[in-house]
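>>> I need the structure of the sequence given here:
(one chain, ligands or ions: 1)
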Amino acid sequence: MESLDLLLGKGLQKLGILEQFKLNTIVHHWKDVVGPIIASHTRIIDIKPPRIVISADTSQWMQEIKMNEKRIIKHINDYYKSDVITEMRLIMQRQSYIKQDEEKPLILEKEIKSRDYIQSNKIVLTDDDVDRIDSIVNKTNNEELKEAFRKLLISRWKKEIHLEQQGFQRCERCHVLMDRNNQYCVSCEYDLYREKINGIKTFIRNYPYCKYGDCKPHINCTFTEFSTAMRELIYFYLDKIYKGSTSRNHMYMAAMLITHKKPDELTDQHVINLCNKYRSKFLDEEKQKELQALRGINEWEAINESNNSSEFQDNSKS
Ligand SMILES: [Zn+2]
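Modelled structure (predicted):
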């Protein structure tokens, strides 16, 4: 019969989780690897040996990183204690296309500039449009504000007309004008994708031992989507464990997600052994003590220690 330990290893290999998790731990040590200044302007986006993808927050920082590429790759490989990374890709941090504080979002200037400039005087608003603007403006009491608001709405309205004339389409979900022929804008596509993944995650949280075949009848999703949700959850719990969590819930969740075994098919000792493989070796003393207690080492030492110290005290008294 195969030992459970062996099965655990197989479960991990199947998902490629073990290696990837080890690679991902660098995220928690990024400050130590590249130094606090570079770390505050960069983020690790993806690690797939031999390549690492890093984002920088400005173009200046992209240049800075590019110039120090060799040194940074060396530090990364020093962390892994092996030359796993030989290639670095740099990208700019994802920028939102939509102004967040607007109830009716508009396309950013950058996109408009890439097209013809708006010739405001050539765009004429219909009477209906003007009436609608007036009805919005009239909700404001302050006369000065009213006029400024009116001007703003008119120029915005004209911008939208201009964009529609340029062939921009409206997103079916948020109605933003977009320069693409899709049903939804980039932001909405991303939101919908995340909604789906989170729905799968909710299902998996309730049945952490489930496999794709168990999930499919309840939630319509592809295998890739299921794997993404699964991976995110596994990383979430392994992360807690890596940082020293001794919570029974965290440990059992990680074990069930990885092995697809129900709680009654697992024993405390197996779960503890599995989790110990993922703990950081750099935990502080308090955490180390807690973990030793979990392994049953501390109790034994504590008894020995208290015996010794009481003997010592007795001797000193006499
Ligand atoms: Zn949208």
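>>> which outside residues touch stretch 71-88?
23, 26, 29, 33-34, 38, 47, 49-54, 65, 69 (C-beta atoms under 8 Å, 6 or more residues apart in numbering). The way it works is simple: take the backbone N, C-alpha and C, and place the C-beta from them, glycine included.
>>> keeping just the C-alphas, turn it into CSV.
In CSV, the C-alpha atoms belonging to stretch 71-88 read as follows (Å, rounded to 0.1, in the frame of the first residue of the first chain):
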residue,chain,number,x,y,z
ARG,A,71,22.4,42.2,-10.7
ILE,A,72,18.7,41.7,-9.9
ILE,A,73,18.7,38.3,-11.7
LYS,A,74,21.7,37.3,-9.7
HIS,A,75,20.0,38.3,-6.4
ILE,A,76,16.9,36.3,-7.4
ASN,A,77,19.0,33.2,-8.1
ASP,A,78,20.9,33.7,-4.9
TYR,A,79,17.5,33.5,-3.1
TYR,A,80,16.6,30.3,-5.0
LYS,A,81,20.2,28.9,-4.4
SER,A,82,20.1,27.9,-8.1
ASP,A,83,20.2,29.6,-11.5
VAL,A,84,16.6,29.1,-12.3
ILE,A,85,16.0,32.5,-13.7
THR,A,86,17.9,33.7,-16.8
GLU,A,87,15.4,36.1,-18.3
MET,A,88,13.5,39.1,-17.1
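>>> which helix or strand contains the residue most central in space within the chain?
For the chain, the residue nearest the mean C-alpha position is Glu232 (8.3 Å; C-alpha atoms, centre = their mean). Per DSSP states H and E: Glu232 is located in helix 223-242.
>>> for that helix, which helices and strands make contact with it?
Helix 223-242 is packed against helix 4-15, helix 17-24, helix 186-206, helix 212-215, helix 248-259, with contacts defined by 3 or more C-beta pairs under 8 Å, 6 or more residues apart in numbering; DSSP states H and E.
>>> run the last query once more with 10 Å
helix 4-15, helix 17-24, helix 186-206, helix 212-215, helix 248-259, helix 268-276 (3 or more C-beta pairs under 10 Å, 6 or more residues apart in numbering; DSSP states H and E).
>>> my read is that the residue nearest to the centre of the chain contacts Arg205, right?
No - Glu232 is not in contact with Arg205 according to C-beta atoms under 10 Å; the separation is 11.1 Å.
>>> ok, back up a step: wait, which of the contacts of stretch 71-88 is closest to the ion?
Within the contacts of stretch 71-88, proximity to the ion (C-beta to the ion) peaks at Val53, which comes in at 26.1 Å.
>>> now the residue nearest to the centre of the chain: closest residue in space that isn't a chain neighbour?
Spatial nearest neighbour of Glu232, excluding adjacent residues (C-beta to C-beta, 6 or more residues apart in numbering): Lys201 at 6.6 Å.
>>> can you tell me how far the one you found is from the ion?
In this view, Lys201 and the ion are 23 Å apart by C-beta to the ion, to the nearest Å.
>>> now do the same contact list for that residue.
Each residue near Lys201 by C-beta atoms under 10 Å, 6 or more residues apart in numbering is listed here: Thr228, Ala229, Met230, Glu232, Leu233, Phe236.
>>> so which of the contacts of stretch 71-88 are in helices?
Leu23, Val33, Val34, Ile38, Ile65, Glu69 (DSSP state H).
>>> just the buried ones from those?
Leu23, Val33, Val34, Ile38, Ile65 (16 or more other C-beta atoms under 10 Å).
>>> shaky segments in the stretch 51-200 of the chain?
Across the stretch 51-200 of the chain, the ranges flagged by pLDDT under 70 are 94-120.
>>> so where do the strands sit in it?
51-56, 87-92, 169-170, 177-178 (DSSP state E, counting those that start in this stretch).
>>> out of those, which one sits most buried?
strand 177-178 (a mean of 22; mean count of other C-beta atoms under 10 Å).
>>> note down every partner strand of it and its orientation.
strand 169-170 (antiparallel) (DSSP bridges).
>>> show me what from the stretch 51-200 of the chain comes close to the ion.
Cys171, Arg173, Cys174, Cys185, Cys188 (C-beta under 5 Å from the ion).
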